[in-house]
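Asks: sequence-free structure coming up:
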Ligand code: CAA
């Protein structure tokens, strides 16, 4: 590992609640942060807000569910900044609803954005990491991939799939200095969770032994840990961070 340069971290879905906290934390840790986004208008507002707070992120648009679009984005990042050392597969959406009523469109959208994206992004960076004998891949899954959730057959399937991917890739690249890990957050105070109707959300919070939603910075702290060079013997792991909501 060359410690004379800034390490480059690509965070997908950077403009969301978790993505924002992860970008800030990695930047504070000294990484050169590359922020991926999909929605141009939202990204411009986010960039202005981040700069007002003193953060500068290089921003790249790509729909992570599109293999070729991701390939083009990675090529541009490599040409203008450098090869990626840390990949945080964070982008994700929900399209909740009982399975018996779930449309194919809502199934496909969630599987493509939450799971295909992990293949698309990782596949475009893994060989460069292997050549350089260094890499950190961090997959942001969910408690609902570990335990299931009424109304989330699509989301739970994608999130459980992420950790299956983590376990196998961890084995395949372990000898190349690359670690691959999953983080499974519980209910965190993001727009995604706040979109759950209040009555249902209150019942969910009542099931959390800590009695509150998690903070985005609490997840970012764990990402920061796994992104560090010192965590070189941790791979294939799934870190639950859910306030005790799901213990197993
Ligand atoms: N267990 C058992 N039954 C349940 C239930 C549950 N948890 N939730 C709802 N039901 C039942 C109701 O009692 C009702 O039954 P009856 O018809 O017999 O009265 C029925 O389901 C209601 O079904 P509807 O389809 O009419 O309800 P809906 O469309 O209004 O809402 C839902 C269904 C969208 C799944 C809604 O319950 C919901 O939003 N649930 C929360 C889902 C959730 O936790 N999403 C997490 C989003 S955040 C995230 O994903 C981040 C992360 O990683 C944690």
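Replies: Good, I have the coordinates. In this text, all values refer to a predicted model and were calculated from it rather than measured experimentally.
Asks: who touches the most centrally placed residue in the chain in this structure?
Replies: In the chain, the residue lying closest to the centroid (Cα atoms, centre = their mean) is residue 90, at 1.7 Å. Residue 90 makes contact with 11-14, 16, 18-19, 22, 140 under the criterion Cβ atoms under 8 Å, 6 or more residues apart in numbering. All C-beta spots, glycine's among them, are computed from the backbone N, C-alpha and C.
Asks: where exactly do the strands run in the chain?
Replies: Secondary structure of the chain, counting by DSSP state E: strands at 8-11, 32-37, 58-61, 86-89, 135-140, 178-185, 238-241.
Asks: ok, so what distance separates the residue located most distally from the centre of the chain from residue 157?
Replies: For the chain, the largest distance from the centre (Cα atoms, centre = their mean) belongs to residue 100, which lies 28.6 Å off. To residue 157, residue 100 is 15 Å away according to Cβ to Cβ, to the nearest Å.
Asks: What's the biggest helix in the protein, counting residues?
Replies: helix 153-173 (DSSP state H).
Asks: Packing partners of that one?
Replies: Applying 3 or more Cβ pairs under 8 Å, 6 or more residues apart in numbering; DSSP states H and E, we find helix 153-173 packed against helix 104-111, helix 117-132, strand 135-140, helix 143-147, strand 178-185.
Asks: burial of residue 234, as a residue count?
Replies: 16 (other Cβ atoms under 10 Å).
Asks: I figured it was touching residue 181, is that so?
Replies: Yes - the criterion here is Cβ atoms under 8 Å, and residue 234 meets it with residue 181 at 6.3 Å.
Asks: so how far is stretch 179-193 off the chain centroid?
Replies: 8 Å (Cα atoms, centre = their mean, to the nearest Å).
Asks: Show the end-to-end separation of that stretch, please.
Replies: 29 Å (Cα to Cα, to the nearest Å).
Asks: What are the buried residues along that stretch?
Replies: Residues of stretch 179-193 classed as buried: 179-188, 190, 192-193 (neighbour count, 16 or more other Cβ atoms under 10 Å).
Asks: Would you reformat those as TSV and include distance to residue 105?
Replies: Formatted as TSV, those follow (distance: Cβ to Cβ, whole Å):
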residue	distance to residue 105
179	36
180	31
181	32
182	27
183	28
184	26
185	26
186	28
187	26
188	27
190	24
192	19
193	23
